[in-house]
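Asker: Pasting the sequence and the predicted model now:
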Amino acid sequence: MKHMAYGKAALLGVFALAGCYSYASEAINNGNYNTVQASPNFVVMKVGDSDRVIVRLINDNNNGAVTSYAVSGVGAGIRVDSSCTVPDLDQAHQTAAKCNGYYRPIFDASKDTLVPTGDKTAQQFFVLGLAAGQYTFTLTPTSVNTGVSRTVTVVVSSADLGPALSKTTGVAGDTITITAPAGSVFSQTSAVSFTSGAFALVSRSADSTRITIIAGPGITGPATVTKVGTAANPAVPAVTLVSTNTLTTPPVTVAPTVVSNLTPLIGVPITMQLTAGLRFTSTSHVFIGGKEAGIASVSADSSTGTIVPMMGSTGNVTFTNIVLSFLNGVALSVPSDKSVTVGAAYGGPSDPNAGLTSTASTVVLRPTGATVISDTGPFTTASAQCSHAGDFCRFYKFVLAAATTMDADLEYPGGADMGYYRFNSSGSSASLIADGLGQAPGNQPETGTDTNLAAGTYFIGIVYFGAPSYGSGVQAAPAFFQLRLVSH
């Protein structure tokens, strides 16, 4: 009997506990709905995109109440659509930008099916970005507790730059403005690029909404700009955007040139003036018929170069590493509209100081590109500084400010044997640079490379190998010679 009574008491205790639990549970789960929860509460999107926000009216135990919501205070740059309440809305007509009538449907016992309804424990809203900026909207329950609400913040950034380019066709030298779309700003370090072509970035506006460039040649395609931010909220990460319109500028295919003499004699400098805004640089090269000429000097405005053609140079003039005056960071390699024919005779002067190292003239070498020395001799004074006593030399001095490598090309008419030797600052210690060929009309040009020559003072020695080298079989001294040195 005691055993049975004990069991009955225990059972009553369980029911009592269950009853107490049920009462407490009901109080916790069904009351105190004082918080509107929106997930997410801060939305970031691009113009034209949409995102969903799930809203619930919850109590302290995170249980949701069945209610619908009123939407208010919707910012001008967004649209907010609630879940559909039309029961027969088929899936094919639902889009992410509008609504989803089947989000968490309610079971209808009378129809034994799930049906859409406007009242449920969680409601779905779709936010569509219409214009760049920061906006808000407010959600307020329509039942249970209408005294609370939740405001959601939406930041909309631009999806592209739109028609940002002030021009879509132009020529090199045109000023082009790139304007940020409404609600967007450029960074002061934003980088601009096109599919092809070059340009000069001139300025960025103080309010960071405009970038001004000067167009170069050969630009095609849209403008791509990095570090585009959202003006309303600088905390939103910057993005790279592309303009919806494009820019085209024709490439530079020819360098209009004014040449002082189209038929110069050997050793006679000529001038070449670049027009159409083109300019020489310290690394420019000039080729005549494919053979590099020397650039003796360039004018103060860099438009005109004094050119020394090499013997046998005939044909079209071509330039490399020239630039446009407003775009000096972009090297151009283009042909001239002129051709030059260099005559067979020598027309240049003879250097009277070249007989000895002590009187040798100083040659200014270009830091890059060709320097040409043209001379006639005479090769009449034997010098002990030559490779054999009794051979004949012509000397020229040069000074290097830094280590330099130079390619040498010594050319002359006739069948004499010549050579280029480099001497140290005292005129001794000759080093053979270009002397691999003997006597014979076809045994030239003499070529060689002086590799990594240290900074310092040196002498060029142009040697004519006369009687001491060849005896009675010596070939006559050439009427002139040209030495081309290309520094790099």
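Answerer: Structure's in. What do you need? Numbering: from 1, shown residues only.
Asker: wait, isn't Gln188 in contact with Ser208?
Answerer: Yes: counting by C-beta atoms under 8 Å, Gln188 touches Ser208, with 6.6 Å between them. Yep, even glycine has a C-beta here, placed from its N, CA and C like the rest.
Asker: Which of the two has more residues huddled nearby?
Answerer: With neighbours defined as other C-beta atoms under 10 Å, Gln188 and Ser208 compare such that Ser208 has more, 18 against 11.
Asker: Check which helix or strand the nearest residue to that one once chain neighbours are set aside maps to.
Answerer: Nearest non-adjacent residue to Ser208, counting by C-beta to C-beta, 6 or more residues apart in numbering: Val185, 4.3 Å away. Element membership of Val185, judged by DSSP states H and E, is strand 184-186.
Asker: quick one: contacts of that strand?
Answerer: Contacts of strand 184-186 with the rest of the structure, by C-beta atoms under 8 Å, 6 or more residues apart in numbering, involve 132, 157-158, 161, 180, 204, 207-211, 225, 227-231, 241.
Asker: Give me the subset of those lying in strands.
Answerer: Of those, the ones assigned to strands by DSSP state E are Ser157, Arg204, Arg210, Ile211, Val225, Lys227, Val228, Gly229, Thr230, Leu241.
Asker: so what's the first one up against?
Answerer: By C-beta under 8 Å, 6+ apart, the contact list for Ser157 reads Val44, Met45, Lys46, Val47, Ala132, Gly183, Ser184, Thr230, Val236, Val239.
Asker: I'd like the next helix or strand past the host helix or strand of Ile433.
Answerer: Using DSSP H and E, Ile433 maps to strand 431-434. Sequence-wise, the next helix or strand downstream of strand 431-434 (DSSP H and E) is strand 446-453.
Asker: quick one: contacts for the residue positioned nearest the centre of the chain?
Answerer: Nearest to the mean C-alpha position of the chain, by C-alpha atoms, centre = their mean, lies Ser193 at 6.1 Å. Counting by C-beta under 8 Å, 6+ apart, Ser193 touches Ala223, Thr224.
Asker: So it versus Val36, what's the distance?
Answerer: According to C-beta to C-beta, to the nearest Å, Ser193 stands 46 Å off from Val36.
Asker: Next: Tyr458.
Answerer: 87 Å.
Asker: between those two, who's got more neighbours?
Answerer: Per other C-beta under 10 Å, whichever of Tyr458 and Val36 has more neighbours is Val36, with 22 against 19.
Asker: Once you drop chain neighbours, what's closest to the more buried one?
Answerer: Val36's closest residue in space is Arg150 (C-beta to C-beta, 6+ apart), at 3.6 Å.
Asker: Return the per-residue confidence for that neighbour.
Answerer: Note for Arg150: predicted pLDDT of 98.
Asker: hey, what's it bridged with?
Answerer: With DSSP bridges applied, Arg150 shows beta-bridge pairing to Leu139.
Asker: what residues are up against it?
Answerer: Val36, Gln37, Ala38, Asn41, Val55, Thr138, Leu139.
Asker: The second one: what's it in contact with?
Answerer: Under the criterion of C-beta under 8 Å, 6+ apart, the contact list for Gln37 reads Val55, Arg56, Leu57, Ile58, Arg150.
Asker: Could you list the domains of this protein?
Answerer: For the chain, automatic domain parsing gives the domain ranges 35-157, 175-246, 257-341, 357-487.
Asker: how far is the third one from where the chain is centred?
Answerer: Relative to the chain's own centre, domain 257-341 is displaced by 28 Å; criterion: C-alpha atoms, centre = their mean, to the nearest Å.
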